[in-house]
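Undergrad: sequence and computational prediction follow.
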Amino acid sequence: MKVLKLNGKQNTSQIIIGNGVFKQAAEFLCGIYTDQNSPSAILIITDSNVAGIYLQYLEDNLAELDIPVYHHVIPAGEEYKNLETISSIYDTLADSRFGRDDMIIALGGGVTGDTAGFAAATYMRGARHLMQIPTTLLSQVDSSVGGKTGVDLPQGKNMVGAFRQPDLVLIDPQVLCTLPGDVFRAGLAEVIKYGCIWDPEILDMVSGENITAGLENLIERCVSIKIKIVEEDETEKGLRRILNFGHTIGHGIEKLGDFAEYSHGEAVSIGMVSAIKLGESLGITKKGNYSKLKAILHSCGLPTELTYSVEDIYKAILLDKKKQGDSLNFIFINDIGKALVKKIPVAELLIMMKVLGD
Ligand SMILES: NC(=O)c1ccc[n+]([C@@H]2O[C@H](COP(=O)([O-])OP(=O)(O)OC[C@H]3O[C@@H](n4cnc5c(N)ncnc54)[C@H](O)[C@@H]3O)[C@@H](O)[C@H]2O)c1
Ligand SMILES: [Zn+2]
C-alpha cells in the first residue's frame, strides 16, 4: 500500500493506493478527521451499474462510523454527466438536510467522480468533505486525482466545472476485476497518455505480457506524475495543459458521437495518434512516433482511426472550451515523454488538420 499526498492551494488530498483498501474505507476515513471536523452525515453518490456491485458493501463498511449514510444513484453513462443530474443530487442533499460540514463520497468511474465532485464543490458554496473511490482504471489513474470536477453541456464537454481537491482518494486496483474489458481498455488510453507526455517507461509497462500483475505499480506511477503536474499548476494555467494531450481532437470525436459512440478513453486514443500525425507533418514530433504509438494502442485494443470527416471534427473542436479567442492551445510531443503546448490560430487549424484525412 502507498500513501501519497497532493498539496493543493485550499486543501491537501491524501491518496491511498493498494489492493484491498476499499474494504477499509471506514478506517481510512476516521484516520483523516478529528472529533472537531468529522462529518455528521455521508451521501454516497454512485451510478446504476456500480451500485449493484459495490454500494451495499460500502454502506455496510461505513455503518461502523455510527453516522447516517445515505445514497444517491445516478444513471450510468456520459450522457448523464449533466446539469439535470446535478440538480437531482442537490435535491437529495437538501431533502436530507445536508450541511456544509457533511461528506460526499463519489463511488464509481470518472463520470460519477466529476459529477459528485462538482456537486460537492458547489452545494452550499462548497461542501467541506469529499472522498473519491474510483472504480475504473481511467478514474484511478486520472480523474479522481487533481480536483477537476464538472459536467457537460449540450454544446460540449466539461463546460461547467470547478476545482475541488478531495480530502481522500481510495484507489483499490482489485475493484477493477468487475470492469467490462472495453472500459478497462479505455483507461489504458490515459495511462498511455502519461507515457507520451512524461514517462516513456510506462509504454513498455503497458506493452508487456501481463498488465494486471503490475497494475498497482502502474497506477501509482501515473498518479505520482499527476500529483507533480497538479502541484505545479493546480488551475491549469500552464503545465497542467499537457494532460490534455489527445483531448482537443478527442473531445471533438466524443461530441460528434453524442458521447455514446466512443468512450472518453477511446476518443483520446484516436486524439493522441492524430496529434502525433499532425506533429510529424509539422516537423514538431520526431518521425517514427506515429507508427510506434499506433502499434501500442492497437495492441491494447484501442481505436486509432478517424471515422468522422476532418471538417466535422474541426467544427466540434471550435466549441471546446480550450479555445481562447482566435487561437487554441494544442498539445504536441517532441518525442515520447516530452510534451509541449503550442498556441494555434484557429484559422490555421483546419488547413493543418487536412493531413489527418490522408
Ligand atoms: N476530472 C478529470 O480530471 C478527468 C480526467 C479524465 C477523464 N475525466 C472524465 O472521466 C469520464 C470517463 O470516466 P470513465 O471512463 O471512468 O467512465 P464511467 O464513469 O462512465 O465508467 C465507465 C463504465 O464503467 C462502469 N463501471 C465503473 N466502475 C465499474 C466497476 N468497478 N465494475 C463494473 N462496472 C464499472 C460504469 O457504470 C460505466 O458504465 C469522462 O467524463 C471524462 O471527461 C475527467
Ligand atoms: Zn481524459
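TA: Sure thing, it's come through. Ligands and ions are numbered 1, 2, ... in the order given.

Undergrad: now for the nearest residue to residue 352 once chain neighbours are set aside, how many residues are close by?
TA: Of all residues not flanking residue 352 in the chain, residue 278 sits nearest, at 6.2 Å (Cβ to Cβ, 6 or more residues apart in numbering). In short, each C-beta sits where N, CA and C put it, glycine included. Residues contacting residue 278 under the criterion other Cβ atoms under 10 Å number 23.

Undergrad: list the contacts for residue 278?
TA: Applying Cβ atoms under 8 Å, 6 or more residues apart in numbering to residue 278 gives the contacts 285, 330, 332, 352, 353, 355, 356.

Undergrad: sort out for me which of the residues you listed are in strands.
TA: Among those, DSSP state E puts 330, 332 in strands.

Undergrad: pull out the buried residues from the contacts of residue 278.
TA: The neighbour count (16 or more other Cβ atoms under 10 Å) marks 285, 330, 332, 352, 353, 356 as buried among those.

Undergrad: identify the bridge partners of the second one.
TA: Per DSSP bridges, residues listed as beta-bridge partners of residue 330: residue 342.

Undergrad: state the distance from it to residue 319.
TA: Counting by Cβ to Cβ, to the nearest Å, the gap from residue 330 to residue 319 is 16 Å.

Undergrad: within the helices and strands, which one has residue 311?
TA: Secondary structure from DSSP states H and E places residue 311 in helix 310-318.

Undergrad: revised request: answer the last question for residue 107.
TA: strand 103-108.

Undergrad: for that strand, what is the distance to the chain centroid?
TA: 15 Å (Cα atoms, centre = their mean, to the nearest Å).

Undergrad: is it in proximity to ligand 1?
TA: Yes - judged by Cβ under 6 Å from any ligand atom, strand 103-108 comes into contact with ligand 1 at residue 108.

Undergrad: would you verify that residue 169 is located in a strand?
TA: Yes - applying DSSP: H, G, I helix; E, B strand; the rest coil, one finds residue 169 inside a strand.

Undergrad: hang on, residue 157 packs against residue 255?
TA: Yes - Residue 157 is within contact range of residue 255, at 6.6 Å (criterion: Cβ atoms under 8 Å).

Undergrad: still on that earlier bit, please enumerate residues in contact with the strand holding residue 107?
TA: With contacts defined as Cβ under 8 Å, 6+ apart, strand 103-108 is touched by 39, 41-47, 50, 54-55, 58, 93, 112-113, 115-117, 119-120, 123, 127-136, 139, 144, 166.

Undergrad: list the ones among the residues you listed that fall in helices.
TA: Among the contacts of strand 103-108, DSSP state H puts 50, 58, 93, 112, 113, 115, 116, 117, 119, 120 in helices.

Undergrad: re earlier: of the buried ones among the contacts of residue 278, just say which sits nearest to ligand 1.
TA: Here the nearest of the buried ones among the contacts of residue 278 to ligand 1, counting by Cβ to the nearest ligand atom, is residue 330; it sits at 18.0 Å.
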